[in-house]
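In: Return a 3D structure for these sequence lines:
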Amino acid sequence: MHRIKKEKLRKPPRLVERLVASIIISGAISLIPVILALYFIVNYLPINIPTYILIALTPLYYITAKWIFNLTFLVITRAQLKPLEEGAHEIDMRNKNVRNWLINEMLTSAAKSFMGKPPLGQPLFNGFVFKFLKCKMGPGATADRISDTYLTEMGTNSVGGGDSLIVAHITDGNNLYLKKIKIGDGAVIGVSSLLFPGVEVGEGAVIGAYSFVPRDTKIPPNTIWAGVPAKQIHPKPKK
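Out: Numbering: from 1, shown residues only. Predicted structure coming up:
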């Protein structure tokens, strides 16, 4: 497995500070249009709107500011995504891949929560969010939960069922293991199933509900797998 050399860590990575700064910038940007709109209504609108109506419109201000914030944070997150090398990397903050993965995971987790999970977001936008965060998804592809979007590929009309989790990283001892997950055209990942790094699901293959697919498993096209760990159940493999 590939390892990269340790490098001298001049400054500790400011992970929390990066997240907080992104939230503050997004919040400031989201408030600007609301404040400007209120200023224009109060000072320049020909019709004099009563104060109680302006107060009653508070939910509208909130919704507008919320979605401007969500979209701004999503853009800021994408701009900060770091490149990663696949393989096993010693868990050490001097390791560039470990630092970059922590930055990516922290920001993308927040962005997905803001955009795709109630009360701040809506699951309807999951596909858009995954694609924007560099997940390669073909037309008609859908998924419920993708942990490492930038290390995931889903083919045309492939489906990740409800509560299924596609995760392209695990810790193995003192190593962080990163490897791309590839799901072929028309493949189906059953409800509440779990896919680990390096899994490749062939075209038209089906993974049954509540299954666990260990890392680096190669699932042939047009087969059905199920279980913990998942095994081929149809057609039955030749002995």
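
In: what's the neighbour count on residue 150?
Out: As a burial measure, residue 150 scores 20 neighbours (other Cβ atoms under 10 Å). Every residue, glycine included, has its C-beta placed from N, CA and C.

In: Residue 28 too?
Out: Around residue 28 there are 11 other residues, counting by other Cβ under 10 Å.

In: now swap in residue 194 and tell me
Out: By other Cβ under 10 Å, 21 other residues sit near residue 194.

In: Tell me, what's the model's pLDDT at it?
Out: Residue 194 carries a pLDDT value of 96.

In: Let me see the contact set for residue 71.
Out: Counting by Cβ atoms under 8 Å, 6 or more residues apart in numbering, residue 71 touches residue 115.

In: what comes into contact with the helix or strand bottoming out on mean pLDDT in the chain?
Out: The weakest-scoring helix or strand in the chain, judged by mean pLDDT, DSSP states H and E, is helix 51-56 (a mean of 82). For helix 51-56, contacts defined as Cβ under 8 Å, 6+ apart pick out 38, 41, 42.

In: same thing with stretch 165-181?
Out: Under Cβ under 8 Å, 6+ apart, the answer for stretch 165-181 is 1, 84-91, 97-98, 101, 105, 143-148, 151-153, 160, 183, 189, 193-200, 215-216.

In: ditto for stretch 73-90
Out: Residues outside stretch 73-90 that contact it (Cβ under 8 Å, 6+ apart) are 1-4, 6, 18, 22-23, 25-26, 95, 97-101, 103-104, 107-108, 110-111, 114-115, 129, 132-134, 150-151, 172, 174-180.
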